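S.K.: Compute the structure for the input listed below.
(2 chains)
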Amino acid sequence: MVRFKNRYVLCEVVSEDPRCRQCIEDRVLGLAVRDAIARVHGDYGLACCSISFTVKYLNAYTGTVLLRCRKDSYRLLCSALPFVRYLESRGQRYPCFLNTLHVGGTIRTCQKFLIQYNRTQLLRLLQNCTNEEERQCIQKSLLSCSLTEEQSESGDEEDDDGTETD
Amino acid sequence: TASLGRRRGGRGERQSGDALTRGCPSEPARVGYSAVALNHVIDFKEKKQEIIKPVSPSELFPSLPIVQGTTKRIKVLTRLTLVVSDPSHCNLLRSTSANIRLYDIIAVFPKTEKLFHIACTTLDVDLVCINVTEKLPFYFRRPPVNMAIDRGIYFELLYTPAIKDSTMRRYTISNAISLMQICKGKNIVISSAAERPLELRGPYDVANLGLLFGLSEGEAKAAVSTNCRATMLHGETRKSACGVVYTVKKPRKVEEEETAVPACKKAKTQA
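M.R.: Model prediction:
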């Protein structure tokens, strides 16, 4: 059975400006990544990578991005990701960089990794908590995060309080 | 798991200069590096350069953040880079000046072929920096490169100029590939010369950059993790006597010696 094999690259958008996270959209990010591939690998690289290239999942609160590409060209994509320097939306440029977390063959493996990663992030936030209310909020989220069997993406939990540590 | 989510031993470097107090090393810790080296560059072309004592990291950053993915705090090392364009500049390394010994890692940046040969064969350094911002004035030859590999000296490539500018990118890639063809991918360290936290990239991304430079996947991962750790140990052995005797000053008692603990074993028990 011939099947098209894909690779799903899980990244995180890291920036100093808190407004950058709000402007993360799939179109903006897709353009930034395509532009980086074109700059590094030229027309051939851009053409190869854009065969099945989409932004599959986006979480503006945590800055998590899931990209999809063909298995044959995922190396071109991964080697061009460090060259993304800013996101441009509505005429504004926000300097940032993409941090690759995980490359998987299916969305499900990336989801499992993301749950584990978010759990460690919540633990880090828990250490820096200042008041009791935030602490209880985080503890509740920690206990409730798990991969359920529902079709919707209820496995990923939202971030809480907007209190991020950088 | 053995995925690259568990990063260990990766090392990022920052140019210090006046930007020493530019934020504590929270960005490298968040991205997953377990050690960071602060770099002082000494350029001998300018007049009157003195080697100053390195600023102790514990004074600069009173509390170090914890590395993402582990439970340990990030290590901050001090590093000295000597830009040499004349053989007389190397005398500084041969002299037993006390200030040089205080740095954790010593790197040299040779500008001519003769100096490259001297650095690889006789100088007592940990890293030899490879120029990435302009076309190399000399070609690499196999004998000095092989001697450097035997002595445990690593070649360093910077990636931040490549991210910033397209012409630098071409020079970086061509210089890196010509080095790879001679040294076959061994003893390479890829580091950033980041002056701002946004110029840093995660270890996974830097390993992918290594693929662009002509390394294989295993070599690229090693360039970010194991080779960096080996450089740190090489610097440590310079502080002790050939890595066999390691002296520790105890503040309260009289100086005593911990004998017969090779530096590599000592680092394992520490880590």
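S.K.: where do the strands sit along the chain?
M.R.: In the absence of a named chain, this looks at chain A. For chain A, the strands defined by DSSP state E occupy A:6-15, A:54-59, A:64-70, A:86-89, A:92-104.
S.K.: wait, I meant chain B there
M.R.: Using DSSP E, strands in chain B cover B:11-15, B:35-43, B:75-84, B:105-110, B:127-129, B:154-158, B:188-191, B:246-248, B:256-258.
S.K.: Nearest to A:Glu132, out of the strands of chain A?
M.R.: Among the strands of chain A, strand A:54-59 comes nearest to A:Glu132, with 27.0 Å by C-beta to C-beta. Every residue, glycine included, has its C-beta placed from N, CA and C.
S.K.: Would you agree B:Arg30 is in contact with B:Pro65?
M.R.: Yes. The pair B:Arg30 / B:Pro65 is scored as a contact, 7.4 Å apart, by C-beta atoms under 8 Å.
S.K.: between the two, which one's more packed in?
M.R.: Per other C-beta atoms under 10 Å in any protein chain shown, whichever of B:Arg30 and B:Pro65 has more neighbours is B:Arg30, with 23 against 19.
S.K.: gap between that one and chain A?
M.R.: To chain A, B:Arg30 is 7 Å away according to C-beta to the nearest C-beta, to the nearest Å.
S.K.: Apart from its neighbours in sequence, what residue is nearest that residue?
M.R.: B:Gln68 (5.4 Å; C-beta to C-beta, 6 or more residues apart in numbering or on different chains).
S.K.: just A:Gly63 next, same as before
M.R.: A:Gly63's closest residue in space is A:Val13 (C-beta to C-beta, 6+ apart), at 3.9 Å.
S.K.: Can you give me the neighbour number for the residue lying closest to B:His89 once chain neighbours are set aside?
M.R.: Counting by C-beta to C-beta, 6+ apart, the nearest residue to B:His89 once its immediate chain neighbours are dropped is B:Phe44, at 4.3 Å. Around B:Phe44 there are 16 other residues, counting by other C-beta under 10 Å.
S.K.: give me every residue that touches B:Phe44.
M.R.: B:Leu82, B:Val83, B:Val84, B:Ser85, B:Asp86, B:His89 (C-beta atoms under 8 Å, 6 or more residues apart in numbering or on different chains).
S.K.: Report the spatially nearest residue to B:Glu134, omitting neighbours in sequence.
M.R.: Closest residue to B:Glu134 apart from its sequence neighbours, by C-beta to C-beta, 6+ apart: B:Tyr171 at 6.1 Å.
S.K.: model confidence over stretch A:81-91, on average?
M.R.: Stretch A:81-91 carries an average pLDDT of 87.
S.K.: Can you give me the buried ones in it?
M.R.: Within stretch A:81-91, the residues that qualify as buried are A:Leu81, A:Pro82, A:Phe83, A:Val84, A:Arg85, A:Leu87, A:Ser89, counting by 16 or more other C-beta atoms under 10 Å in any protein chain shown.
S.K.: now swap in stretch B:227-242 and tell me
M.R.: Neighbour counts using 16+ other C-beta under 10 Å place B:227-238, B:240 of stretch B:227-242 among the buried residues.
S.K.: mind listing which of those are in helices?
M.R.: If you go by DSSP state H, the buried residues of stretch B:227-242 have B:Asn227, B:Cys228, B:Arg229, B:Ala230, B:Thr231, B:Met232, B:Leu233, B:His234, B:Gly235, B:Glu236, B:Thr237, B:Arg238 in helices.
S.K.: didn't the last one look like it was pressed against B:Ile106?
M.R.: Yes. At 7.5 Å, B:Arg238 and B:Ile106 qualify as touching, with contact defined as C-beta under 8 Å.
S.K.: got any residues that touch both of the two?
M.R.: Counting by C-beta under 8 Å, 6+ apart, the residues touching both B:Arg238 and B:Ile106 are B:Asp124, B:Asp126.
S.K.: In contact with B:Tyr154, which residues?
M.R.: For B:Tyr154, the contact set (C-beta under 8 Å, 6+ apart) comprises B:Asp126, B:Leu127, B:Val128, B:Asn187, B:Ile188, B:Val189, B:Asn227, B:Ala230, B:Thr231, B:His234.
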